[in-house]
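>>> Fold the following, please.
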Amino acid sequence: MIHAKFTKKGDLITAFEMYGHAGYADSGFDIVCAAVSVLAINTVNSLEQLVKIKPLVVEDSTEGGFLRLEVGT
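So this is what the prediction gives:
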């Protein structure tokens with residue numbers, strides 16, 4: 001199961017954390033995990049390229065799959 005946790009400061013989302021796997025298919029063949037991963041990395045890239053924010057990003061693509069993005073406020 002993929003878990004997502006969002007951190008807010010007031011009305012603004014300042015961080016998110018995602019971990020786990022969807023379990024739709026075997027590792028390496030799971031299109032649900034691939035889709036979620038694409039959206040998470042696209043969020044990082046969009047903040048950097050479009051908004052010119054350099055977020056703090058921590059990721060680990062080993063067995064558990066983990067990504068944390070945090071922006072300064």
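>>> what bits of the protein have low per-residue confidence?
Scanning the chain for pLDDT under 70 picks out 63, 73.
>>> Name the residue most distant from the centre of it?
residue 10 (21.0 Å; CA atoms, centre = their mean).
>>> Just the terminal-to-terminal distance for stretch 24-35.
12 Å (CA to CA, to the nearest Å).
>>> That one: how far from the chain's middle?
Centroid separation between stretch 24-35 and its chain, computed with CA atoms, centre = their mean, to the nearest Å, is 15 Å.
>>> for stretch 58-71, same thing?
With CA atoms, centre = their mean, you get 7 Å for stretch 58-71.
>>> buried sites along that stretch?
For stretch 58-71, the neighbour count (16 or more other CB atoms under 10 Å) marks 65, 67-69, 71 as buried. Every residue, glycine included, has its C-beta placed from N, CA and C.
>>> The strand or helix carrying residue 8: partners in the sheet, and parallel or antiparallel?
Following DSSP states H and E, one finds residue 8 within strand 3-9. If you go by DSSP bridges, strand 3-9 pairs up with strand 12-19 (antiparallel).
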